[in-house]
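In: give me coordinates for this.
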Amino acid sequence: MNKVTLILLVGTILIQLGCTDVKESTSATSTVSPIDTEKNIEESQAIVLLSGLPTLGTKDSIAIIEMDPESANFGNILYDYPLPKFDAPLHHLYYSPNGRLYATGLGSECSLAEIDLVRNAQAEPVITKVECLDTQGQSVGEDIMWHSVNGKLHMFVTFMGGTDLSQVDAGSVGVFDPQTNKVLKIIEARKSQVGEGKPYIMYPHGISAYEDRMVVTSTVHPNLADGIGNVVTVIDLNSFEPIENIVTEDAKPVGFPSSPVEVLFVRPSIVEGVEPAVLVNTMFGFETWKIPYDAKSKVFAEPEKLYDGATAGTGVPLEFYGNDTELFISHAIPGLVKRYDLKSLPDLVPSGEDIKTELGAHHMIFYSSASGRKLIAVQNNLLNLGDAKDNDPTDVDFIAKVNDHSLTVHDLTTGERLGMINFKDKYQKGIDNIEALFGSGFTHHH
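Out: Residues are numbered from 1 along each chain as shown. Below is the predicted model of the structure:
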């Protein structure tokens with residue numbers, strides 16, 4: 001694989017799936033209930049990572065925005081905290097179990113950071129500091145998970161670049177003390193070094209765990225040129241060592257390895273009494289897989305393909321999110337969120353019509369409007385990485401095709417679109433991530 005070939009990827013996907021650039025109406029048509037004056041107004045506010053577009057003269061920042069389409073402030077930035085110039089944008093926000101806010105970053109200068117989100121004397125949310133953490137050389141941070149091992153809580157972070165981004169088989173999982181943010185261990189097992197047929201970790205992205213088994217995905221080399229993965233790696237949390245690679249790949253609809261991206265270990269804490277299994281989205285395979293797991297014998301069964309986007313007309317499945325009744329999966333192409341009955345997991349039983357968003361459907365939050373209407377907001381943007389020559393994060397063709405730079409807001413029950421915020425048009429910025437302010441949105445992710 002070479003870079004030119006990869007740059008043509010999403011263009012090919014778009015043609016194959018017959019996607020168009022037609023936008024749907026953003027106007028609300030339903031009658032709303034009277035406004036609840038006792039509602040916490042911060043529930044409809046979100047914190048977002050924004051990427052400056054240098055050719056438009058803007059800079060990276062962390063912002064708080066109003067997400068209630070019933071509000072006169074809908075789409076307005078209520079607070080904006082400028083970020084230093086890093087070699088790549090911050091990418092994903094996570095709240096720890098005790099409410100501390102972290103961000104991963106797609107470069108090497110700030111691959112993991114803690115964000116001090118506090119209240120000032122007027123009880124207004126403000127950011128006082130963004131502290132880049134010592135990762136001991138691990139770069140290109142992606143996902144974070146908190147999980148207890150032998151009764152002790154740990155913070156696990158996937159680093160697609162590992163400790164040496166120049167290696168074609170880079171990648172590591174960092175184990176951190178969740179109180180001090182210090183590295184406790186680096187889990188690294190490069191394919192070229194572990195020996196033929198031995199389990200390896202390569203370009204890890206998605207991460208999830210149940211009891212003493214953790215799973216991470218092998219996605220794509222951070223330089224988007226040196227390699228694409230097709231396995232899920234199982235890590236024994238007693239030894240912090242990889243013990244198995246499980247291939248999740250079938251038809252290769254665009255000719256590349258499947259690129260497993262996000263993973264969810266379905267477990268009793270999510271669905272009471274469930275038979276545990278791992279769900280896997282494959283970015284370039286367009287599929288969702290199930291890997292059954294026997295908790296008693298600690299054995300993973302053969303993976304089963306649950307959803308085939310190549311035949312269903314969707315591509316680039318990305319995130320797993322959920323509320324107390326449904327699981328939601330975002331599909332960047334053509335831009336939609338599929339919804340499934342939570343109690344039916346690990347099987348995917350549809351629970352409603354697809355929520356139609358825009359190209360690049362990715363992260364999401366759940367919240368309520370002032371009138372009590374249940375809402376979902378979807379970020380329609382894959383990545384803000386760009387062409388160094390033009391110094392513009394929107395100039396990489398295959399990324400730009402799945403960067404709508406927008407948030408769409410929908411009625412959670414009906415899927416009806418109630419509003420849209422286009423950050424490139426409104427603020428001359430791209431949007432990298434959205435999370436509920438102070439973690440008020442109820443979701444399970446990982």
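In: pretty sure residue 426 sits in a helix.
Out: Yes. If the criterion is DSSP: H, G, I helix; E, B strand; the rest coil, then residue 426 is within a helix.
In: how near is it to residue 237?
Out: Separation of residue 426 from residue 237 (C-beta to C-beta, to the nearest Å) stands at 44 Å. Using the backbone N, CA and C atoms, a C-beta is placed for each residue, glycine as well.
In: looking at those two, which has the bigger crowd around it?
Out: Neighbours around residue 426 and residue 237, counted as other C-beta atoms under 10 Å, are more numerous at residue 237. The numbers are 20 against 13.
In: quick one, grab the pLDDT at that one.
Out: If you check residue 237, the pLDDT there is 98.
In: who's in contact with it?
Out: The neighbourhood of residue 237, defined by C-beta atoms under 8 Å, 6 or more residues apart in numbering, consists of 147, 149, 209, 212, 213, 214.
In: ok, and the closest non-adjacent residue to the last one?
Out: Leaving aside its sequence neighbours, residue 214 sits nearest to residue 235 (C-beta to C-beta, 6 or more residues apart in numbering; 4.4 Å).
In: so which strand or helix has the one you found?
Out: strand 231-236 (DSSP states H and E).
In: what packs against the very next helix or strand once past that strand?
Out: Remark: after strand 231-236, the chain's next helix or strand is strand 241-247, criterion DSSP H and E. Packing contacts for strand 241-247, counted by 3 or more C-beta pairs under 8 Å, 6 or more residues apart in numbering; DSSP states H and E, involve strand 231-236.
In: pull the residues that contact the strand it packs on.
Out: The set of residues that contact strand 231-236 without belonging to it, under C-beta under 8 Å, 6+ apart, is 173, 187, 199-202, 204, 212-218, 241-248, 260, 263, 278, 280, 291, 300.
In: now stretch 272-282
Out: Outside stretch 272-282, the residues within contact range by C-beta under 8 Å, 6+ apart are 206, 208, 210, 215, 217, 230, 232, 248-249, 258-268, 287-293, 295, 300, 303, 306, 317-320, 329, 345-346.
In: just give me how far stretch 201-216 sits from the chain centre.
Out: 14 Å (C-alpha atoms, centre = their mean, to the nearest Å).
In: partner residues bridging residue 62?
Out: residue 49, residue 81 (DSSP bridges).
In: among the contacts of strand 231-236, which ones are buried?
Out: Burial by neighbour count, judged by 16 or more other C-beta atoms under 10 Å, picks out 173, 187, 199-202, 204, 212-218, 242, 245-248, 260, 263, 278, 280, 291, 300 from the contacts of strand 231-236.
In: filter these down to just the ones in helices.
Out: Secondary-structure check on the buried ones among the contacts of strand 231-236 using DSSP state H: no residue lies within helices.
In: CA atoms only: put stretch 212-224 into PDB for me.
Out: The C-alpha atoms that make up stretch 212-224 are tabulated as PDB, following Å, rounded to 0.1, in the frame of the first residue of the first chain:
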ATOM      1  CA  ASP A 212      -9.000  -9.900  33.500                       C
ATOM      2  CA  ARG A 213      -9.200  -9.700  29.800                       C
ATOM      3  CA  MET A 214      -8.600  -6.500  27.800                       C
ATOM      4  CA  VAL A 215      -9.100  -6.200  24.000                       C
ATOM      5  CA  VAL A 216      -7.500  -3.600  21.700                       C
ATOM      6  CA  THR A 217      -7.900  -3.200  17.900                       C
ATOM      7  CA  SER A 218      -5.200  -2.900  15.200                       C
ATOM      8  CA  THR A 219      -6.400   0.000  13.000                       C
ATOM      9  CA  VAL A 220      -3.900   1.900  10.800                       C
ATOM     10  CA  HIS A 221      -0.400   3.300  11.100                       C
ATOM     11  CA  PRO A 222      -0.600   7.000  12.200                       C
ATOM     12  CA  ASN A 223       1.100   8.200   9.000                       C
ATOM     13  CA  LEU A 224      -1.700   6.600   7.000                       C
END
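In: wait, residue 226 touches residue 168, no?
Out: Yes. Distance between residue 226 and residue 168: 4.5 Å, which falls inside the contact criterion (C-beta atoms under 8 Å).
In: in terms of neighbours, single out the busier of those two.
Out: A side-by-side neighbour count of residue 226 and residue 168, using other C-beta under 10 Å, places residue 226 first with 18 against 14.
In: next one: phi and psi at the more buried one?
Out: For residue 226, the backbone dihedrals are phi -90, psi -10 (criterion: degrees, to the nearest 10).
In: tell me where the model's unsure across the chain.
Out: 1-40, 385-400, 440-446 (pLDDT under 70).
In: in the stretch 1-150 of the chain, which spans are helices?
Out: Under the criterion DSSP state H, counting those that start in this stretch, the stretch 1-150 of the chain contains helices at 3-7, 9-17.
In: where do the strands sit along the stretch 251-400 of the chain?
Out: Read by DSSP state E, counting those that start in this stretch, the stretch 251-400 of the chain holds these strands, from start to end of the chain: 260-266, 277-282, 287-294, 299-300, 304-308, 315-322, 326-333, 336-341, 355-356, 361-368, 374-381.
In: to residue 118, which of these lies closest?
Out: The closest of the strands of the stretch 251-400 of the chain to residue 118 is strand 361-368. By C-beta to C-beta, the value is 20.7 Å.
In: strands paired with that closest one, and their directions?
Out: Partner strands for strand 361-368, per DSSP bridges, with pairing direction: strand 374-381 (antiparallel).
In: tilt between the partner strand and strand 315-322?
Out: Computed with axes from the mean of the first three to the mean of the last three C-alpha atoms, to 10 degrees, the direction of strand 374-381 lies at 140 degrees from that of strand 315-322.
In: distance between the ends of stretch 161-181?
Out: Stretch 161-181 has an end-to-end distance of 19 Å (criterion: C-alpha to C-alpha, to the nearest Å).
In: identify each buried residue in that stretch, please.
Out: Under the neighbour-count criterion of 16+ other C-beta under 10 Å, stretch 161-181 has 161-163, 165, 167, 169-176, 178, 181 buried.
In: out of the residues you listed, who's nearest residue 153?
Out: Out of the buried residues of stretch 161-181, the one with the shortest distance to residue 153 is residue 178. That distance is 5.4 Å, counting by C-beta to C-beta.
In: how close does the closest residue to the closest one other than its chain neighbours sit to residue 220?
Out: In space, residue 178 comes closest to residue 155 once its chain neighbours are excluded; the distance is 4.4 Å by C-beta to C-beta, 6+ apart. Distance of residue 155 to residue 220, computed by C-beta to C-beta: 24 Å.
In: and residue 82, by the same measure?
Out: When distance is defined by C-beta to C-beta, residue 82 is 30 Å away from residue 220.
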